[in-house]
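> please work out how this folds:
(chains A, B, C and D)
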2 protein chains.
Amino acid sequence: MAITIKDVAKAANVAPSTVSRVISDSRHISEKTKKKVRKVMDELGYHTNLNARGLVQQSTKTLGVVLKYSESDVWKLGNLFVSEVLQGISAHCHQYGYSIMITTGSTEDEIYGDVVRMVQGKQVDGMIVLYAKKNDKVVPFLLDKAIPFSVVGKPLERMNEIMFVDNDNMQAAKDATDFLIQRNHRQIGFIGDNPTFQVIQDRVEGYYKAFEEHGLQRDASYVKFVHTPEEEGAVVEEFLIMEAKPTALVISTPLQGVGVLKALHKRGIRVPDEISLIVFNKTLITEMSIPVLTTIDTEAFQLGYEASKGVIELINNPNTFKRSVIIPTKIEPGESHRKLTEDNNSVIDVTIE
Amino acid sequence: MAITIKDVAKAANVAPSTVSRVISDSRHISEKTKKKVRKVMDELGYHTNLNARGLVQQSTKTLGVVLKYSESDVWKLGNLFVSEVLQGISAHCHQYGYSIMITTGSTEDEIYGDVVRMVQGKQVDGMIVLYAKKNDKVVPFLLDKAIPFSVVGKPLERMNEIMFVDNDNMQAAKDATDFLIQRNHRQIGFIGDNPTFQVIQDRVEGYYKAFEEHGLQRDASYVKFVHTPEEEGAVVEEFLIMEAKPTALVISTPLQGVGVLKALHKRGIRVPDEISLIVFNKTLITEMSIPVLTTIDTEAFQLGYEASKGVIELINNPNTFKRSVIIPTKIEPGESHRKLTEDNNSVIDVTIE
DNA sequence: CTGTTAGCGCTTTCAT
DNA sequence: ATGAAAGCGCTAACAG
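I've put the predicted structure just below:
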């Protein structure tokens, strides 16, 4: 059994409560006693038992993080976006002395079970949910139990009861589409992953909006979803056999971006000469790609950082206004897009920007 | 305050200890009582307070995971390898009802602090260390405190006191180099990241060994280290200005692989026509690369899975033999290598395999 | 400023 | 088969 507060108290000739007060650096304790006690703590190698503290304080200074669930394993943690968000969360948590516990489940039900255990078992003081999707049980549960939490992404319901951090995905997709329209593209495709995630829906909407604002026709046949990396080839194929095939694509993840690039390459279609690409999330892999992908930087690290900030504020003061933070996105021009000439379908007469 | 075991006891007209026994499904309790108590637990919505249990049982069923520290942020969690290992750990932990707590620190000292807090604070029952490097304080600390732990990677000291899971990195690098030598390459470069990690040192050694076994000269000028993605161009440049420039490269991470590919592309050097590439770790990004990279698959998921298995066995039985598990690597031929003709430096007369 | 006391919610002997 | 009671290590009134 390890050294306890009692051992320290005895050795220092004080009461356990005094030791406790020294630990919390209470100002009701004389410097002299503090020094004495601290010396003994050092000598004995005392360390607070955080379970005991957690039990009495009803707080563990730990945040639970729900990692995004995706049908396809390769998009789960392998997802660089998630990793970056997690780094942002870590950075903020570390500053405030919070620990991080992550879900281990790999199906939605397992993850829900993890959350229940963490919350009801009082293992965490708050939660961060890394996704917002339809038919999700986690967010309603957290709401019901009145647990401090924040969502990275846009909740689908009860938005004003929930603190969340997100990009304006609709605006971002609109910006991206605008960016292409301004460069005279008219046939623009959209490729998204799991459409049950709200983020994808918002992006589709923004994509449509850009068309409308330019007085152009929206066309659902230009919007496609890819559920596994293997499907990318098929989707690209579908686009290529269209009568009016797209001259540009808006793509919702870096991995998909690279996948599409690959599928196009295999078919001898050159980027950006024959088709332009703009991809969500600037990550190492979009930077490393050949050509460098033009991206919409969503500031994943910042997203995580702010989410953590939000929950911790909420923990410290449950009456904190449930604000929603919108992290601005920015188009980062790479080498994967080009401008078409005015008579928009010309592929030969290229204007290099 | 939430429902406690006492509330349940009262409502069910039994003693708290009986409720506790029902929770642990003790065989000294009659089925009848069990049913009755369980019903009440359900009705009241009882959930075990895991802090309290942790306090009395001196165990939290939680594993701490030390995420690999790297000077460069982009290689930290962004590292797909780490993500995959973490998935493997998660999968096994979930099976055995263990939770995962991760370190939040971003410098070596911060991480060490995290570990001390987790361990001394009795937040975790065991640890998994995701790296093995020189001058590391974490492993000696864990050893000193006799905490159950396992290392993903090869420890540098006291190997027989430590349970670890690793690839045979020396063998893997030797295999990769052999693979190239057999295809008539003679000028083969090696690019690694942080050489303070043991894994890199082993790989360098394996690389040398392949030369020796083929009766060829080893040459340290063909071994280079890259610390930041920006340096990749410079290193490639160094190789290209050598009198006898390499016809092939062995590269220690996927990200570096893609980086090198990019640097070569920028300089108009074609892969695999002018230079062959073989890269450690088969990940999504090596698969997505154009051309698909020839890789040495290190089975990251499996590495994590086995590491978790090891610690949990150790926790359940501290006398478990401190075995080391070697996960076999396998060369996955992609499109980034080619075979040279017998008179090895010929670049024009290519043999396509 | 410091000591005494009473729990936090659970498990675990020891009785019965 | 079940209950009573002690205690895990800590904090937080309440005294003094």
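> any idea of the mean pLDDT for stretch A:129-142?
In this model, stretch A:129-142 carries a mean pLDDT of 88.
> now swap in stretch A:242-255 and tell me
Here the mean pLDDT over stretch A:242-255 is 92, rounded to a whole number.
> quick one: end-to-end distance for it.
The separation between the terminal residues of stretch A:242-255, taken as Cα to Cα, to the nearest Å, is 24 Å.
> check whether that stretch contacts chain B.
Yes: under the criterion of Cβ under 8 Å from any Cβ of the partner chain, stretch A:242-255 makes contact with chain B via A:Leu255. Quick note: C-beta positions are derived from backbone N, CA and C, even for glycine.
> show me what counts as buried in that stretch.
Neighbour-count burial for stretch A:242-255 flags A:245-255 (criterion: 16 or more other Cβ atoms under 10 Å in any protein chain shown).
> tell me what the lowest-mean-pLDDT helix or strand in chain A is packed against?
When each helix and strand of chain A is scored by mean pLDDT, DSSP states H and E, helix A:284-288 comes last, with a mean of 81. Taking 3 or more Cβ pairs under 8 Å, 6 or more residues apart in numbering or on different chains; DSSP states H and E as contact, the helices and strands that helix A:284-288 lies on are helix A:254-266, helix B:254-266, helix B:284-288.
> I'd like the next helix or strand past the last one.
Moving toward the C-terminus from helix B:284-288, the first helix or strand encountered (DSSP states H and E) is strand B:294-297.
> contacts for the next helix or strand after that next one, please.
Sequence order places helix B:300-316 as the next helix or strand after strand B:294-297, per DSSP H and E. Residues from elsewhere that reach helix B:300-316 (Cβ atoms under 8 Å, 6 or more residues apart in numbering or on different chains): B:59, B:63, B:81, B:84-93, B:96, B:98, B:125-128, B:148-152, B:163-167, B:281, B:283, B:320, B:322-323, B:325, B:327.
> and helix B:300-316, average pLDDT?
Computed over helix B:300-316, the mean pLDDT rounds to 95.
> which parts of it are buried?
Residues of helix B:300-316 classed as buried by neighbour count (16+ other Cβ under 10 Å): B:300-315.
> stretch A:146-154 too?
A:147-154.
> rewinding a little: and of the helices and strands packed on helix A:284-288, who's closest to DNA strand D?
Judged by Cβ to the nearest atom of the strand, the one of the helices and strands packed on helix A:284-288 that comes nearest to DNA strand D is helix B:254-266, at 43.2 Å.
> domain-wise, how is chain A divided?
For chain A, the domain assignment from automatic domain parsing gives the residue ranges A:5-48, A:62-168+A:300-328, A:169-298.
> of those domains, which is nearest B:Ala15?
Go through the domains of chain A one by one with Cβ to Cβ and the one that ends up closest to B:Ala15 is domain A:62-168+A:300-328, at 22.7 Å.
> endpoint to endpoint, that closest one covers what distance?
Between the opening and closing residues of domain A:62-168+A:300-328 lies a distance of 28 Å (Cα to Cα).
> that one vs DNA strand C: in contact?
No: taking Cβ under 7 Å from any atom of the strand as the criterion, domain A:62-168+A:300-328 and DNA strand C are apart, separated by no less than 7.6 Å.
> how about stretch A:25-37?
Yes: Stretch A:25-37 reaches DNA strand C (Cβ under 7 Å from any atom of the strand) through A:26, A:28-30, A:32-33.
> and these, which are buried?
Buried residues within the residues of stretch A:25-37 next to DNA strand C, defined by neighbour count using 16+ other Cβ under 10 Å: A:29, A:33.
> closest one of the residues of stretch A:25-37 next to DNA strand C to chain B?
Distance to chain B across those (Cβ to the nearest Cβ) is lowest for A:Ser26, with 20.1 Å.
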